[in-house]
Structure formats: C-alpha cells, structure tokens
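Participant: only geometry, no sequence info:
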C-alpha cells in the first residue's frame, strides 16, 4: 500500500510530505525495518517510488524483498542538499514513523544529491541511522563546485555561500567526521563522474575503514554519474546485512 502523507514541519510550520510504501502483507503491530530513499537534485518524493532508473528500482526491490517499510521524503524537494530544514524534516519523519509503526532498524540511501544528503544526515544523527548507502554523492561541500546549479541550491539550502558560512559547510560535510559512522557504510562511486567527483567519498570510505568501521566501497573507474542496478542493490543490501549481523 502506497500513501502520500502530509505533516506540519516543526521547523517552520509548513506542510511537507513523504511517500510511505508498506510491504506486502503488512501486519499492524509487527516490527519492520525502514528504508528511507533520498531523491536527487531537481526531483521530489516520487522519484524513488516511480522512476525506472537503476538506483530507484534497486531501492524499491531491496525494500520489498526484505519486507521493509519504504519511505521517500520530499526533504524540501528539488534543491534540498540536506540543509537545516531538510535535516529537521528527516528527524521529524523518523519520529512520526516510530509513532505509526513498530520500527526496527532505519536505513537511508540516496543517489547524487540524495547520496550526499544521506551521508550528511548520518554524520549529523548517527543515533538515528543503522546503515547508510550513498551512490554518486559528495562528502565535502567545502570543495564541491562542479555543478553551478547545485552550488547555488546548496547556498540557498544552507543559508549562505561557503565563504559566508564556512563552518556550516564543514558541519554538513561527512568527510570531516568519519568517527560518527558507527553504522555500516556503503558507497558507490564513479571515476568519470564529472558532476559529483568521487574523491571525497572515497576518502571517507577509506578513513572509516581505517578506524575500524564496516565499509563497502564500489568504485567503477570507467563509469560516469550513475550507479548500475547491481551495484545499487549491493550497497543497500550490504548495510542491511551488516547491521543485522551486529544486532
């Protein structure tokens, strides 16, 4: 069952939305894990619910096969980049899910802007996340400048440019906080990605692994700004399986 759910954001009182897809044969009162999928720049909550691109299909399939509750939030829609408003909405959504359902583990995934956003959220709220799978994202907003439209959206989302509020850009850059990735971390990155270059996420993966974290890094040297279906499945399933092994 798919529902488009509206809620009033505690951050600013606006109406915000997320899509909830319950697993087949859902039983009220039974405990379910949750997979939250974060859309890319220019999209909204329906991308990971309806889009046929590999990353979206893989997320839907893994959620269905593992009988997870599948959530796709607007998180301030087309130009989010996990700024303060989007962050607050995500915290609120997880709280609402715990009110509506018996929630077990909470996993987050995303691609491009969503791949960046899920790393930011996990670094800011590790206590709320049991695993994070990032596809073609960035872990360093201070150095990121390849996509001018995205850079402008980041400035609007964060509340200023990197020159104006450098500490906010650092706070939202997961690369600077590898110790916070106490949950399983999986990253898919591409060597020929000129839109969101892979350097920062590769460095993050290597550092988290160096300090003893559970990490899967899939790096495709010849690929551009995309993740294949098989690789997308692999990173999402890794965090679910690795988290399960430790609970």
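Facilitator: Here it is on my side, so go on. Model, not experiment: these values are computed from the prediction.

Participant: got the contact list for residue 121?
Facilitator: Neighbouring residues of residue 121 by CB atoms under 8 Å, 6 or more residues apart in numbering: 82, 87, 90, 108, 128-129, 132. (C-beta placed from N, C-alpha, C; glycine too.)

Participant: next one: residue 22
Facilitator: Going by CB under 8 Å, 6+ apart, residue 22 touches 1-3, 69-70.

Participant: where is pLDDT lowest across the residues you listed?
Facilitator: Among those, residue 1 carries the weakest pLDDT, at 87.

Participant: so that residue makes contact with residue 24?
Facilitator: No. Applying CB atoms under 8 Å as the test, residue 1 and residue 24 come out as separate, 9.1 Å apart.

Participant: residues of stretch 128-144 that come out buried?
Facilitator: For stretch 128-144, a neighbour-count test (16 or more other CB atoms under 10 Å) marks 128-142, 144 as buried.

Participant: farthest pair in the residues you listed?
Facilitator: Across the buried residues of stretch 128-144, the longest distance by CB to CB is 27.9 Å; it joins 130 and 142.

Participant: just the helices in this structure please.
Facilitator: For the chain, applying DSSP state H gives helices covering 47-50, 54-65, 84-100, 113-124, 148-158, 166-171, 199-210, 229-246.

Participant: so for residue 17, which of the ones you listed sits nearest?
Facilitator: Nearest to residue 17, of all the helices of the chain, is helix 84-100, at 9.6 Å by CB to CB.

Participant: returning to that earlier point: which among the helices of the chain is found nearest to residue 29?
Facilitator: Residue 29 lies closest, by CB to CB, to one member of these: helix 84-100, at 11.5 Å.

Participant: just how off-centre is that closest one within its chain?
Facilitator: Remark: helix 84-100 is offset 14 Å from the chain centroid, using CA atoms, centre = their mean, to the nearest Å.

Participant: what of stretch 171-179?
Facilitator: In terms of CA atoms, centre = their mean, the centre of stretch 171-179 is set 14 Å apart from its chain centre.

Participant: sorry, back to before: okay if I get the contacts of residue 22 as CSV plus neighbour count and distance to residue 225?
Facilitator: Output for the contacts of residue 22, formatted as CSV (neighbours: other CB atoms under 10 Å; distance: CB to CB, whole Å):
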residue, neighbour count, distance to residue 225
1, 8, 33
2, 11, 28
3, 9, 31
69, 22, 29
70, 23, 24
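
Participant: burial check on the closest residue to residue 62 other than its chain neighbours, number of neighbours?
Facilitator: In this structure, residue 62 finds its nearest non-sequential neighbour in residue 236, 4.6 Å apart by CB to CB, 6 or more residues apart in numbering. Look at residue 236: counted by other CB atoms under 10 Å, it has 29 neighbours.
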